[in-house]
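> Requesting a structural model of the entry that follows:
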Amino acid sequence: MGQHDFPHEVYKNTVLAPLFEGVKQHFVLPLQQINKAHLVMLKSTGILQPDQCAQIATALSAIEQDLADSNPQYTGEHEDYFFLVESELKRVLGADLGGMLHTARSRNDMDHTLFKMRLRVHADKLLIQSLALADALLEKAAAERDTLIVAYTHGQPAQPSTFGHYLCAALEVLIRDIARLREARIHLDHCPMGAAAITTSGFAIDRHQMADLLGFEGVLLNSYGCIASVDYVTGLYSAMKLMFLHLGRLIQDFQFWTAFEVGQLHIPDSLVQVSSIMPQKRNPVPVEHLRHLASTTCGRCDGIVNTMHNTPFADMNDSEGEVQIAGYAAFDSGGRVLELLAALVSECAVQSDRVAVNSDRACITVTELADTLVRTEKLSFRQSHEIAASTASCVIAAGLPLAQGFDAFCTAFEKSVSRVPSLGSDEYARVVSARHFVQVRSRPGGPAPEMLDQAMADYRKQIAAELARVQSSLARSAQSSEHLQSAFEELKGLRD
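Modelled structure (predicted):
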């Protein structure tokens with residue numbers, strides 16, 4: 001091979017051949033749809049004659065089938081898969097007619113269009129998986145509305161709440177993340193076709209028809225931006241990253257809660273692996289897999305976004321082919337997180353006996369004792385807080401639960417206020433119970449049952465609305481595909 005022959009053997013093996021295989025794996029279908037839509041548009045605008053379009057359509061169908069059957073390997077004879085298809089058209093139809101399909105378009109607008117079409121499929125699937133997790137969280141929250149847990153701050157027992165309240169907090173974040181992802185998905189729905197290389201075309205093309213045939217909501221207007229702007233990539237992967245970063249925090253809590261010393265969360269045997277050497281040891285390793293898969297997804301999203309850093313605002317390979325394909329791994333690992341986490345949430349259970357023990361040991365209801373003293377004894381919060389703190393210190397030192405600390409409470413109260421409290425022993429025990437703590441927190445967003453019921457009704461509506469949007473998008477894509485295929489088949493019947 002001479003030194004000026006293209007392609008260089010190393011370039012062929014390290015770049016062109018992998019790109020060719022990538023197109024075969026990921027982009028053949030959208031490329032076929034773009035070819036069909038462009039031909040339909042060329043006919044409807046009169047840029048090509050009906051008989052020309054019919055011949056090209058017939059040849060395209062045969063070539064598609066031949067390439068699918070033959071599974072071609074990259075030889076270097078043609079620069080890429082696009083030129084292989086064009087070469088086959090020229091072989092079948094002759095150089096002039098075979099080259100007419102490429103009238104008024106460029107690989108630039110074709111590439112960004114098929115990248116968007118492929119990302120739409122991945123994004124829609126991820127949205128469906130995200131909504132399935134949202135459903136699982138909501139269903140579990142409803143079932144565990146009244147199940148007490150210890151809520152932690154700074155890694156220490158803080159206050160009582162319910163598992164339903166905790167899961168609703170995670171669900172709210174997930175719903176916002178789904179909305180962010182759906183917003184990013186919207187920017188995949190504007191079609192670059194017709195931008196050509198940079199500046200559109202002197203031919204009387206119909207960009208809106210192309211967008212309709214390919215299932216887009218509309219045209220991406222500025223032709224330079226169609227080629228240069230890659231915010232449809234950076235926006236999508238940024239939204240994805242946030243979802244898995246946030247889910248990783250929930251997963252880390254689950255890891256902490258399953259620790260032997262905490263024991264708040266029980267993972268069933270179906271999701272536990274037993275140690276290979278210590279038969280008594282239950283390892284909830286799916287939680288660890290969730291954590292590293294969520295982190296891996298974040299990293300993969302970062303990798304795609306960072307690839308765009310300091311790149312020119314122009315056509316560039318940094319946003320194309322291999323970079324696009326590399327990003328699909330984030331959808332794979334992210335989808336695995338969503339499916340596994342939904343299963344884990346559905347199957348796990350709070351260990352109420354351990355919650356009770358930890359609640360007692362840490363006096364986590366003592367805040368309500370202070371609040372009650374403000375309301376019933378008309379003390380300042382600071383004075384009430386000091387009485388409650390003294391009571392808690394005494395019972396912790398004695399190894400008693402707060403409910404058995406009435407004598408210590410009376411001593412602290414009389415020392416501070418110089419009178420006996422009006423709060424009796426039975427009322428004291430009720431006030432410092434975890435159930436009472438939750439029930440009196442009946443402000444919007446609180447863990448009280450009626451507040452959770454109202455919140456969950458709202459979450460259910462939000463999830464249903466998001467699902468309807470995804471289903472509408474999928475229906476539009478399916479309808480456009482049917483319309484495109486019908487219009488393409490009509491072309492083949494126009495041959496004289």
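
> secondary structure class for Ala184?
helix (DSSP: H, G, I helix; E, B strand; the rest coil).

> and if you look at Pro312?
Applying three-state DSSP: Pro312 is coil.

> Distance check, it against Lys281.
To Lys281, Pro312 is 55 Å away according to Cβ to Cβ, to the nearest Å. Using the backbone N, CA and C atoms, a C-beta is placed for each residue, glycine as well.

> So between those two, which is more surrounded?
Each of Pro312 and Lys281 has its neighbours counted (other Cβ atoms under 10 Å); Lys281 has more, 12 against 8.

> Tell me which residues touch the more buried one, please.
Shown in contact with Lys281 (Cβ atoms under 8 Å, 6 or more residues apart in numbering): Val274, Ser275.

> show me where the protein has strands.
148-153, 156-162, 190-191, 218-219, 265-266, 273-274, 282-283, 349-350 (DSSP state E).

> Counting by contacts, list what the second one packs against.
Going back to what we said before, that points to strand 156-162. strand 148-153, helix 352-362, helix 434-439 (3 or more Cβ pairs under 8 Å, 6 or more residues apart in numbering; DSSP states H and E).

> for it, the distance to its chain's centre please.
Strand 156-162 sits 29 Å away from the centroid of its parent chain (Cα atoms, centre = their mean, to the nearest Å).

> buried set for that strand?
Across strand 156-162, burial judged by 16 or more other Cβ atoms under 10 Å covers Pro157, Gln159, Pro160, Ser161, Thr162.

> now swap in the first one and tell me
Taking 16+ other Cβ under 10 Å as the neighbour-count basis, strand 148-153 is seen to contain the buried residues Leu148, Ile149, Val150, Ala151, Tyr152.

> Listing partners with orientation, what would you give for that strand?
Applying DSSP bridges, strand 148-153 is found paired with strand 156-162 (antiparallel).

> Report the mean confidence score over the strand it pairs with.
Strand 156-162 shows a mean pLDDT of 97.

> Kindly report the same for stretch 63-81.
pLDDT averaged over stretch 63-81 gives 94.

> Give me the distance between the two termini of it.
12 Å (Cα to Cα, to the nearest Å).

> repeat for stretch 278-286
So stretch 278-286: terminal residues 18 Å apart, Cα to Cα.

> May I see the buried residues of it?
So stretch 278-286, judged by 16+ other Cβ under 10 Å, has buried residues Arg282, Pro284, Pro286.

> quick one: contacts for the last one?
Taking Cβ under 8 Å, 6+ apart, we find Pro286 in contact with Ile267, Leu271, Leu340, Leu344.

> Show residues contacting stretch 130-146.
162-165, 167-168, 170-171, 174-175, 177-178, 181, 243, 338-339, 341-343, 345-346, 350, 449, 452-453, 456, 459-460, 463, 466-467, 470.

> if you look at the residues you listed, which of them are in helices?
163-165, 167-168, 170-171, 174-175, 177-178, 181, 243, 338-339, 341-343, 345-346, 449, 452-453, 456, 459-460, 463, 466-467, 470 (DSSP state H).

> Out of those, which end up buried?
Taking 16+ other Cβ under 10 Å as the criterion, what is buried in the ones in helices among the contacts of stretch 130-146 is 163-165, 167-168, 170-171, 174-175, 177-178, 181, 243, 338, 341-342, 345, 449, 452, 456, 459, 463, 466-467, 470.

> What is the least confident helix or strand in the chain?
The weakest-scoring helix or strand in the chain, judged by mean pLDDT, DSSP states H and E, is strand 273-274 (a mean of 84).

> Residues in contact with that strand: which ones?
Lys281, Arg282, Asn283, Val285.

> Tell me how far the last one lies from Asp253.
For Val285, the distance to Asp253 equals 17 Å [Cβ to Cβ].

> tell me the contacts of the closest residue in space to Ala136 that isn't next to it in sequence?
In this structure, Ala136 finds its nearest non-sequential neighbour in Ala342, 4.0 Å apart by Cβ to Cβ, 6 or more residues apart in numbering. For Ala342, the contacting residues are Ala132, Leu133, Asp135, Ala136, by Cβ under 8 Å, 6+ apart.

> thinking again about what came up before, any idea which of the buried residues of strand 156-162 is closest to Ile227?
Ser161 (51.9 Å; Cβ to Cβ).
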